[in-house]
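>>> The following comprises the amino acid sequence and a computationally predicted model.
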Amino acid sequence: MKKLLLDENISQRVIARISMMYSGSAHVKDFGLEQTDDDIIWNFAKTNDYIIVSKDSDFHQKSLLWGPPPKFIYLRVGNCPTSYIVRVLLNHYSTITTFAENENESILVLI
């Protein structure tokens with residue numbers, strides 16, 4: 001299973017609640033990448049074998065333009081509680097695992 005890198009638009013508190021299933025996952029703040037250009041985050045994820053998880057459509061555009069790696073999980077959940085994001089990531093574990101293993105897919109949209 002690949003590691004998830006949560007963008008700054010997702011609470012850092014999510015990591016502690018998903019770490020049992022998504023070992024090695026991190027938040028951009030863990031690397032001092034908050035308020036950083038998306039290209040830098042993209043290249044960091046690519047270099048360090050992370051899947052980017054964000055609610056930001058800019059990563060969607062980059063994924064379409066550049067393709068993987070890195071892969072991108074687009075959370076189309078709007079403004080919602082942290083507990084909802086945790087639930088989405090945990091409930092879609094098998095989907096995310098399949099996505100991570102498929103070399104041809106670059107974007108996974110979760111609602």
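Sure, I can see it.
>>> from the chain's centre, how far out does stretch 28-48 sit?
Distance of stretch 28-48 from the chain centroid (Cα atoms, centre = their mean, to the nearest Å) equals 11 Å.
>>> and it, how far apart are its ends?
12 Å (Cα to Cα, to the nearest Å).
>>> Same question for that stretch: list its buried residues.
For stretch 28-48, a neighbour-count test (16 or more other Cβ atoms under 10 Å) marks 28, 33, 41-42, 44-45 as buried. Just so you know, the C-beta spots here come from the backbone N, C-alpha and C atoms, and that holds for glycine as well.
>>> low-confidence ranges in this protein?
Filtered on pLDDT under 70, the chain yields the residue ranges 1.
>>> Please identify the helix or strand for the most centrally placed residue in the chain.
What sits nearest the mean C-alpha location of the chain, by Cα atoms, centre = their mean, is residue 53, with 1.6 Å. Assigned by DSSP states H and E, residue 53 belongs to strand 50-54.
>>> how far is that strand from where the chain is centred?
Taking Cα atoms, centre = their mean, one finds the center of strand 50-54 at 2 Å from the center of the full chain.
>>> same question, stretch 25-39
Counting by Cα atoms, centre = their mean, stretch 25-39 comes out at 11 Å from the chain centroid.
>>> That stretch spans what distance, first to last residue?
19 Å.
>>> Show me the contact partners of that stretch.
Stretch 25-39 is touched from outside by 3-8, 10, 12, 14-15, 18-19, 40-41, 44, 50, 56, 58-59, 62, with contacts defined as Cβ atoms under 8 Å, 6 or more residues apart in numbering.
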